[in-house]
Each structure stands twice: as C-alpha cells, then as structure tokens.
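Chemist: the sequence and its predicted three-dimensional model are supplied below.
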Amino acid sequence: MELLRRHPENPILTPRADVPWEKEAVFNPGVTVHQGKIYMLYRAIGEYEVYASSLGLAISEDGVHFQRFPEPVFSPAEPYDRYGCEDPRITRLDGRFYITYTALSQRAFSGRGNRVALASTEDFREFKRHGVILPDLDDKDTVIFPEKVRGRYVMYHRVPPDIWIAYSDDLVNWYGHRRIMFPRSGLWDSQKIGAGAPPIRTDAGWLLVYHGVDKNRVYRLGVALFDLDDPSQLISRPLEPILEPRERYEKEGDVPNVVFTCGLAEADEKIFVYYGGGDKVIGLATVERKELLDFALRG
Ligand code: BMA
C-alpha cells in the first residue's frame, strides 16, 4: 500500500505540443509558495537531439491547475550550464527564493559535466546567477534547508551513490561535506539515493522526501527523518517507499519506471508532492502531514 495518493486529474501538467521549448517533456518541478499561490519551476525539453533542459514557470491558486507562460524563465546561458538547467529545488530564505539546479557543461547523457549551480530571485521574473557552488565532482540532488540550523545554512547533496551534508555562511561557499545516508542493499533504494524536496521542519525532526533507485533502475520515493539540531543524524528511515511507479505515465514515458520529486508544498495540514512521471509529465500526490510523520517515525 502506498502512502501517497495520486490526484485524480493526474498528470496535472503535460508538454504543450505548440510550445517549441517544452513540446517533448515537462518534469521534475521545484515548488514554493509565493503571494498565496503555488509557484512551480518545471524542467522542460523541446527536442531530443541535444536534450538541453530549460525551466518554465507555472502558477496555481489551487495547487492543481496551473497557468504557464510562452517563454521559459531560466535557460542555459553560461559555460557551466550551456547544456541544461535540470531538476530545480526552491528554498525561500529571508524573502528571496534560492534555486539549486543541476548544471550541465557537457551534453546530457555524456556522463560528464554535471555540477550543482545556484540562482536566486525575488519575483520569478529576474534571476541572479551565483554560479557553481559545489566542488568539481559529479553532483546533483541538492536541497537547501528552509532555515539556518545552529547559525548556519545547511544543504543535502548527492555524490553518487550517497546523500551528503554541507554547511554555509553565505549560501555560495559550502564546507563540512560529509556522507550521511547510504543505499540499502536488497531494498528499493539499493543502488543510489538523492534528496527530493527541501526538508520540512516538524516537532519530531527534519522530514526528507528522497528518491531511491533499485537494480532494475526503478525510481521510487521514500521518507527519512533527521535530528532537528543536527541534521547529519538520521533518526528514522522506514523500509517501505511512499510512492512507486504504477500508472502508465510513470511506467512509460521517456525514461520508464520513474517517479522523481524536486518539490512539495504544505497547505491545511496536507502535503502536496509534485513529481515527474517517466521524465515526461508532472503528477501530484498528497498525504496528510501527520500521516507522513507517523509513517516516517515507524522506520
Ligand atoms: C536522475 C536524474 C533525474 C531523472 C532520473 C530518471 O539521474 O537526472 O533528472 O528524472 O535520473 O531518469
């Protein structure tokens, strides 16, 4: 039994055939709340030849129906992201939105040139680029915490196959890199894992929705809980995933058997998890906040 419940209107976002930069795929969105609305930055693919991702903006009042725009809001521009801006995660800090993303300096699928870059914005119209923020390693899946912990900014990132922690005083220079969570042999997250959405604060700890990959390259979502004062300490990690590919739009697509999240939103004690299905479309799955926390604590 999966804990997350799919929205009946799934997939809630599919590629627009008449929009050149997103006509092939829209997926792996980061989300935040801004001026009472859900703001989503979604990854868009317009052609398969180079497969360079740009980011579109979608805005919603109810979290289900989104308004999109004719142009992407963020596109490859610098040498370090000229082949793609992928998998954005959004964190609001001091009234500004910080966006971590996978920046590709080499062609997608070349297996080289993935770095983590940072951008920020106040209004989702103008973005400031802060450049590559992590060491010269194959790195992805970077989430920044929504508040400082013991006076420092904190992030999780992923050097394959593990999740690492790092700290910063200015969001650009990160130090104290350390491995904190590993794949589990024989389980759904046996090959590699990565943070999904930025962690959420609960009384019991930091709640992290993450993805795991198994031997058959199936991507599932799971949850883990970390200590509030020391988020390098794992408190609880259930054996079971919370969402796995089941519907056609998750089992098929450009990459089969993938559910992959970069963002969630909270409203009325409910958690809205936005996720890419098959690297092709965007789905929404929800759960009561308390239910997710109770589940996480059973680990
Ligand atoms: C991962 C990421 C995601 C993607 C997933 C499945 O490595 O790069 O962007 O959704 O693979 O293809």
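Modeler: Looks like it came in fine.

Chemist: check whether stretch 236-248 comes near the ligand.
Modeler: No - against the ligand, stretch 236-248 shows no contacts by Cβ under 6 Å from any ligand atom, the least distance being 10.8 Å. For the C-beta atoms, the positions are set from N, CA and C on the backbone; glycine is no exception.

Chemist: and the chain, which of its residues are near the ligand?
Modeler: So far as Cβ under 6 Å from any ligand atom goes, the chain lies against the ligand at 28, 86-87, 219, 255, 258, 260, 276, 279.

Chemist: if we go to 8 Å?
Modeler: When proximity is defined by Cβ under 8 Å from any ligand atom, the chain lies next to the ligand at 27-28, 43, 86-87, 102, 140-141, 194, 211, 213, 219, 254-255, 258, 260, 276, 279.

Chemist: setting aside sequence neighbours, what's the nearest residue to Pro241?
Modeler: Of all residues not flanking Pro241 in the chain, Arg220 sits nearest, at 4.0 Å (Cβ to Cβ, 6 or more residues apart in numbering).

Chemist: ok but the one you found is inside a strand, no?
Modeler: Yes - counting by DSSP: H, G, I helix; E, B strand; the rest coil, one finds Arg220 located in a strand.

Chemist: measure it to Phe260 for me?
Modeler: 9 Å (Cβ to Cβ, to the nearest Å).

Chemist: ok, how many other residues are close to the residue nearest to Pro241?
Modeler: 23 (other Cβ atoms under 10 Å).

Chemist: test my guess that it contacts Val259.
Modeler: Yes - at 6.4 Å, Arg220 counts as touching Val259 under the criterion of Cβ atoms under 8 Å.

Chemist: pull up the distance across stretch 152-172, start to finish.
Modeler: 12 Å (Cα to Cα, to the nearest Å).

Chemist: show me the contacts for Arg107.
Modeler: Counting by Cβ atoms under 8 Å, 6 or more residues apart in numbering, Arg107 touches 50-51, 83, 113.

Chemist: top of those residues by neighbour count?
Modeler: Neighbour max across these (other Cβ under 10 Å) = Tyr83, 21 neighbours.

Chemist: let me know the secondary structure of the residue in the stretch 1-150 of the chain positioned nearest to the ligand.
Modeler: Distances between the stretch 1-150 of the chain and the ligand by Cβ to the nearest ligand atom are smallest at Asp87, namely 4.9 Å. Per three-state DSSP, the local secondary structure of Asp87 is strand.

Chemist: check the gap between it and Tyr101 for me.
Modeler: Distance from Asp87 to Tyr101, counting by Cβ to Cβ: 6 Å.

Chemist: kindly report the same for Pro198.
Modeler: Relative to Tyr101, Pro198 is positioned 13 Å away (Cβ to Cβ).

Chemist: can you pull the residues that touch both of those two?
Modeler: With Cβ under 8 Å, 6+ apart, Pro198 and Tyr101 have common neighbours Arg89.

Chemist: hmm, who's touching the longest helix anywhere in the chain?
Modeler: In the chain, ranked by residue count with DSSP state H as the criterion, the top helix is helix 289-297. The contact list for helix 289-297 (Cβ under 8 Å, 6+ apart) reads 3, 202, 204, 207, 223-225, 236, 238, 242, 266, 269-271.

Chemist: Leu55 pairs with what?
Modeler: Arg43, Phe74 (DSSP bridges).

Chemist: residues touching the residue of the stretch 1-150 of the chain closest to the ligand, list them.
Modeler: With contact set as Cβ under 8 Å, 6+ apart, Asp87 has these partners: 28, 30, 43, 101-102, 140-141, 260, 262.

Chemist: 6 Å instead?
Modeler: Neighbouring residues of Asp87 by Cβ atoms under 6 Å, 6 or more residues apart in numbering: 28, 102, 262.

Chemist: just the CA trace of the helix or strand hosting the last one, in PDB.
Modeler: Just to be clear, that refers to Cys262. Using DSSP states H and E, Cys262 sits in strand 259-267. The C-alpha trace of strand 259-267 is given here as PDB (Å, rounded to 0.1, in the frame of the first residue of the first chain):
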ATOM      1  CA  VAL A 259       8.700   8.900 -10.000                       C
ATOM      2  CA  PHE A 260      11.100  11.800  -9.100                       C
ATOM      3  CA  THR A 261      10.400  14.800  -6.900                       C
ATOM      4  CA  CYS A 262      12.100  18.100  -6.500                       C
ATOM      5  CA  GLY A 263       9.400  19.900  -4.500                       C
ATOM      6  CA  LEU A 264       6.500  19.800  -2.200                       C
ATOM      7  CA  ALA A 265       4.100  22.300  -0.600                       C
ATOM      8  CA  GLU A 266       2.200  22.300   2.600                       C
ATOM      9  CA  ALA A 267      -1.400  23.600   3.000                       C
END
